[in-house]
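model this:
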Amino acid sequence: MNRRHVLAGVLTAAFVVGGGASAPAQDQADQFSFAFTTAAKAKSAGFTVEAEFPRQRVIDQIGITFPPGTVFNTKAVTRCPEATDEEVQQTENGVSDVCPASSKIGTGKGTAYLGDGPDPITFDLGLYNRKGGMVLDIMLNGKTAFYAAPTLSGGKLTIPLSQTPSLNARITAFEFSVAKKGTARKPYLRTPASCPRSRKLTAVLAARENGAGTVTTRDTTACRR
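Sure thing, here's the model as predicted:
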């Protein structure tokens, strides 16, 4: 599946529905929140991620490094099949018509400034399981506006956002929750098998700005020894 996609007309609609929000402060640091849905070690779990980027900048890649020892198994859940841009475009709603409902693993929201628009636009997010990672569905009014193909390598999720430079898109925030999936014996995500003395596991968010550096932010989630 192509890592990016724009549906004709959706971008225009975005500028119409995006009004009413004030611009964020420019002197604040990035914020990141991460948590597993269970503190138990070596157990099937889901997770939640929240991030804010108060300084407007064109972020073209987001990396989430999960606590060491986190194990993903995309074979544990129905996978979304590979599809071309043309196949996605020919559907009424986009990604949700291509990926089976049983492959959906999470939902969320995101906000971004697009082009010269004075106000941020809110997108709904859908996450689907696929071989080697996920499909990120970025929606307006229930239809795909853009999509990306995040990759999973070990304990790191890399989300490519290669269209943000051409759209002058400045992401200000996103949040998503991935549900506990699979079975206890064959989970989609298994929490680390060990818990340090601090009873905290660390996750890392890396936001790469186009043509500039990467800002790294950390958060911890509780674990039980």
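
what's the closest non-adjacent residue to the residue of the chain most remote from its centre?
Most distant from the centre of the chain: Arg197, at 30.2 Å, with distances by Cα atoms, centre = their mean. Spatial nearest neighbour of Arg197, excluding adjacent residues (Cβ to Cβ, 6 or more residues apart in numbering): Arg225 at 7.7 Å. The C-beta positions use only the backbone N, C-alpha and C, and glycine is treated the same way.

ok, the one you found - contacts?
Lys41, Cys195, Arg197, Arg199 (Cβ atoms under 8 Å, 6 or more residues apart in numbering).

and for Arg57?
By Cβ under 8 Å, 6+ apart, the neighbours of Arg57 are Arg170, Glu209, Ala212.

so what's the second one up against?
This means Glu209. By Cβ under 8 Å, 6+ apart, the neighbours of Glu209 are Arg57, Val58, Ile59, Asp60, Val215.

am I right that the residue farthest from the centre of the chain is in a helix?
No. Judged by DSSP: H, G, I helix; E, B strand; the rest coil, Arg197 forms no part of a helix; its state is coil.

any idea how far it lies from Val204?
For Arg197, the distance to Val204 equals 20 Å [Cβ to Cβ, to the nearest Å].

and for Cys99?
28 Å.

show me which of the two is the more surrounded one.
Cys99 (25 against 16; other Cβ atoms under 10 Å).

bridged to Ala222, which residues?
Lys200 (DSSP bridges).

all helices of the protein, in order?
10-17, 85-89, 95-98, 164-167 (DSSP state H).

how are the strands of this protein distributed by residue range?
31-36, 47-52, 59-65, 71-72, 104-113, 121-130, 133-140, 143-148, 151-153, 156-160, 170-178, 189-190, 200-209, 214-222 (DSSP state E).

how about those strands, which one is nearest Gly94?
Taking Cβ to Cβ, strand 143-148 is the member of these nearest to Gly94, at 2.5 Å.

out of the contacts of Glu209, who's the most crowded?
Counting by other Cβ under 10 Å, Ile59 has the largest number of neighbours within the contacts of Glu209, with 26 neighbours.

test my guess that it contacts Leu161.
Yes. The pair Ile59 / Leu161 is scored as a contact, 6.3 Å apart, by Cβ atoms under 8 Å.

where do the contact lists of the two overlap?
With Cβ under 8 Å, 6+ apart, Ile59 and Leu161 have common neighbours Ile171.

low-confidence stretches in this structure?
1-27 (pLDDT under 70).

give me the neighbour count for Ser194.
12.

surely it and Thr70 touch.
No. Counting by Cβ under 8 Å, Ser194 sits too far from Thr70 to count as a contact (11.4 Å).

picking that back up, how about the contacts of Glu209 in TSV, adding distance to Val77?
Formatted as TSV, these follow (distance: Cβ to Cβ, whole Å):
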residue	distance to Val77
Arg57	34
Val58	33
Ile59	28
Asp60	28
Val215	31
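
nearest to Ile105, of the residues you listed?
Nearest to Ile105 among the contacts of Glu209, counting by Cβ to Cβ, is Ile59 at 22.9 Å.

OK, contacts around the residue nearest to Gly182 when sequence neighbours are not counted?
Counting by Cβ to Cβ, 6+ apart, Gly182 lies nearest to Ala76, which is 3.4 Å off, once chain neighbours are set aside. Ala76 makes contacts with Lys181, Gly182, Thr183, Lys186, Pro187, Tyr188, as judged by Cβ under 8 Å, 6+ apart.
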